[in-house]
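1. With the sequence up front, the predicted model follows.
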Amino acid sequence: MRPSLARALIRPLVLAATLTAIPLVGAAPVAADSVVVGGFPIDVSQAPWTVALSSRDRFGGTRAGQFCGGVAVARTTVITAAHCLAEGVLGAPPNRVRDLKVIAGRTHLLSSEGQEIAVQDARVNPGYDSRTNTGDFAVLTLAKPLPQSAVVAMAGAGDPAYKPGTQALVSGWGDTTGEGAYARRLYAAHVSVLPDDQCARAYPGGPDGTFQAGSMLCAGEAAGGPDACQGDSGGPLVAAGRLIGLVSWGSGCGRQGSPGVYTRVSEVVRGLDAASAGRKLPHKGS
Ligand code: 4AZ
């Protein structure tokens, strides 16, 4: 098992796109069979807020251009991870990626189920720090509205869904093995919200990153197993019917003692409130 996988995985699908013959060199084995890792296949109707971010120009068509997850939080608003929109991932600032789309209502990436909607505007949290992973969120405005039934509520600060021990569901089309086996259909896994002190002990600082309770939460199981993995980034962690996390980072996938780390959605709510109060989030790269 290699100790510092997370950094290497921050731009995973760029590797997949540009080095297709070399899938995720050095990826560590995982304990469990499979999710997102350690998960199970679901139909998108079971987590209809889960969307795929796509650019076929950048990532090719074999998986409909999917490179990250996202979450519908209003009919024309999708949130995702800031690191998904990094120039190193997209090859350009997100507002310059002509075919940047959200795929919604689709279980199998290569089916024609659901819809593909153009991203009209992409804004990266100006407080995002790519070195520490803090503030790892971005806001996409869609060119057309999604059905209201696809929208999930965001859990604000103090929501009981953040309580340790809460059962949550993470969903996405990411790696199901930790070895670069990107899914063509949607998977999900059950994970428990872990106490902040346990997350801080797992990630005290160093090459994998530092856990910061103010802007992150972590989730997993004591024995490892179910977890998000690369390609799931930006996707939802939902508990008690509310969105509590966005897949952000971690050390490998499904490893005992290395829980998945998520952007704390109450921080996203704060960011959106600041933006609507007139403090506009600047365009990435402007
Ligand atoms: C990634 O690099 C990534 N096991 C996402 C989630 C996790 C690790 C890495 C959590 O996108």
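-> Thanks, I have it. A quick note: this is a predicted structure, and the numbers were derived from the prediction, not measured.

2. got the residue ranges for the strands in this structure?
-> Under the criterion DSSP state E, the chain carries strands at the ranges 40-41, 50-54, 66-74, 77-80, 101-104, 115-124, 138-142, 153-154, 167-172, 187-193, 216-220, 236-239, 242-249, 260-264.

3. among those strands, which is nearest Gly91?
-> strand 66-74 (11.2 Å; Cβ to Cβ). To be clear about C-beta, it is placed using only N, CA and C from the backbone, and glycine gets the same treatment.

4. Give me the mean pLDDT for that closest one.
-> For strand 66-74, the mean pLDDT works out to 98.

5. what's it packed up against?
-> helix 12-18, strand 50-54, helix 56-59, strand 77-80, strand 101-104, strand 242-249 (3 or more Cβ pairs under 8 Å, 6 or more residues apart in numbering; DSSP states H and E).

6. 6 Å - rerun?
-> On a contact count with 3 or more Cβ pairs under 6 Å, 6 or more residues apart in numbering; DSSP states H and E, strand 66-74 meets strand 50-54, strand 77-80.

7. what's next to it, contact-wise?
-> 13, 49, 51-54, 59, 78-80, 84, 109, 146, 150-151, 154, 172-173, 232-236, 243 (Cβ atoms under 6 Å, 6 or more residues apart in numbering).

8. so what strands line up beside it?
-> strand 50-54 (antiparallel), strand 77-80 (antiparallel) (DSSP bridges).

9. restrict the contacts of strand 66-74 to those near the ligand?
-> Restricting the contacts of strand 66-74 to those touching the ligand (Cβ under 6 Å from any ligand atom) yields 232-233.

10. How far does stretch 213-225 sit from its chain's centre?
-> What separates the centre of stretch 213-225 from the centre of its chain is 14 Å, taken as Cα atoms, centre = their mean, to the nearest Å.

11. Of all the strands paired with strand 66-74, which one is nearest Gln167?
-> Using Cβ to Cβ, the nearest of these to Gln167 is strand 50-54, at 17.2 Å.

12. Work out the gap between that closest one and the centre of the chain.
-> On Cα atoms, centre = their mean, the centre of strand 50-54 falls 10 Å from that of its chain.

13. ok, back up a step: same list as before, the strands of the chain that is, but in CSV and with mean neighbour count included.
-> Below are these laid out as CSV (neighbours: other Cβ atoms under 10 Å):
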stretch, mean neighbour count
strand 40-41, 14
strand 50-54, 29
strand 66-74, 27
strand 77-80, 25
strand 101-104, 23
strand 115-124, 19
strand 138-142, 22
strand 153-154, 17
strand 167-172, 24
strand 187-193, 24
strand 216-220, 28
strand 236-239, 26
strand 242-249, 28
strand 260-264, 30
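
14. Now render those strands as CSV, adding distance to Ala228.
-> Shown next, in CSV, are the strands of the chain (distance: least, Cβ to Cβ, whole Å):
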stretch, distance to Ala228
strand 40-41, 14
strand 50-54, 12
strand 66-74, 9
strand 77-80, 13
strand 101-104, 18
strand 115-124, 20
strand 138-142, 17
strand 153-154, 18
strand 167-172, 5
strand 187-193, 7
strand 216-220, 9
strand 236-239, 8
strand 242-249, 4
strand 260-264, 5
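
15. Give me the neighbour count for His212.
-> Actually, residue 212 is Gln. It isn't His. By other Cβ atoms under 10 Å, the residues close to Gln212 number 18.

16. Just give the closest residue to it, not the sequence neighbours.
-> Excluding the flanking residues, the one nearest Gln212 by Cβ to Cβ, 6 or more residues apart in numbering is Thr134, at 5.6 Å.

17. Give me the neighbour count for the one you found.
-> Count around Thr134 with other Cβ under 10 Å applied: 20.

18. Just list whatever residues bridge to Ala72.
-> Applying DSSP bridges, one finds that Ala72 bridges with Val78.

19. got it, and Ser192?
-> Gln167, Gly220.
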